[in-house]
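J.: Based on what follows, work out the 3D shape:
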Amino acid sequence: MAINLWSMIVLVVLIGSVAGTLQAYLKYRRPDGTSKADNRMIIEEVRTLRERVQVLERIATDKNHSLEHEIERLRDR
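T.: Residues are numbered from 1 along each chain as shown. This is a model prediction of the structure:
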């Protein structure tokens with residue numbers, strides 16, 4: 001079966017397009033399977049959790065026993 005010139009051109013363009021798309025996809029995705037948006041979401045969640053841990057540490061070491069006030073503040077979040 002002979003492949004004509006136009007079929008070859010279409011095949012080369014198709015292969016180039018697929019390769020370019022695959023390369024862009026692989027560049028966007030991280031090796032561990034997370035995307036940049038996922039990483040931003042994880043960073044924000046860690047930031048929020050750190051703030052909560054700081055509040056809990058303050059509650060645990062507070063000598064004035066303002067525990068009720070801090071618990072209510074955490075509930076409001």
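J.: Just the CA coordinates for the helix or strand harbouring His69, please, in CSV.
T.: For His69, the element it lies in under DSSP states H and E is helix 67-76. Included here for helix 67-76 are C-alpha records, laid out as CSV according to Å, rounded to 0.1, in the frame of the first residue of the first chain:
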residue,chain,number,x,y,z
LEU,A,67,-10.3,28.8,77.1
GLU,A,68,-13.9,29.5,76.4
HIS,A,69,-13.1,32.7,74.4
GLU,A,70,-10.6,30.9,72.2
ILE,A,71,-12.9,28.0,71.5
GLU,A,72,-15.7,30.4,70.4
ARG,A,73,-13.2,32.1,68.2
LEU,A,74,-12.3,28.8,66.5
ARG,A,75,-16.0,28.0,66.0
ASP,A,76,-16.5,31.2,64.2
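J.: in that helix, what counts as buried?
T.: Neighbour counts over helix 67-76 (16 or more other C-beta atoms under 10 Å) mark no residue as buried. Glycine gets a C-beta too; all of them are placed from N, C-alpha and C.
J.: Give me the contacts around it.
T.: Applying C-beta atoms under 8 Å, 6 or more residues apart in numbering, the set of residues contacting helix 67-76 from outside is 52, 55, 58-59, 62.
J.: switch the cut-off to 10 Å
T.: 51-52, 55-56, 58-60, 62, 66 (C-beta atoms under 10 Å, 6 or more residues apart in numbering).
J.: Just the buried ones from these?
T.: Ile59.
J.: Looking at pLDDT only, which of the contacts of helix 67-76 scores worst?
T.: By pLDDT, Ser66 ranks lowest within those, coming in at 68.
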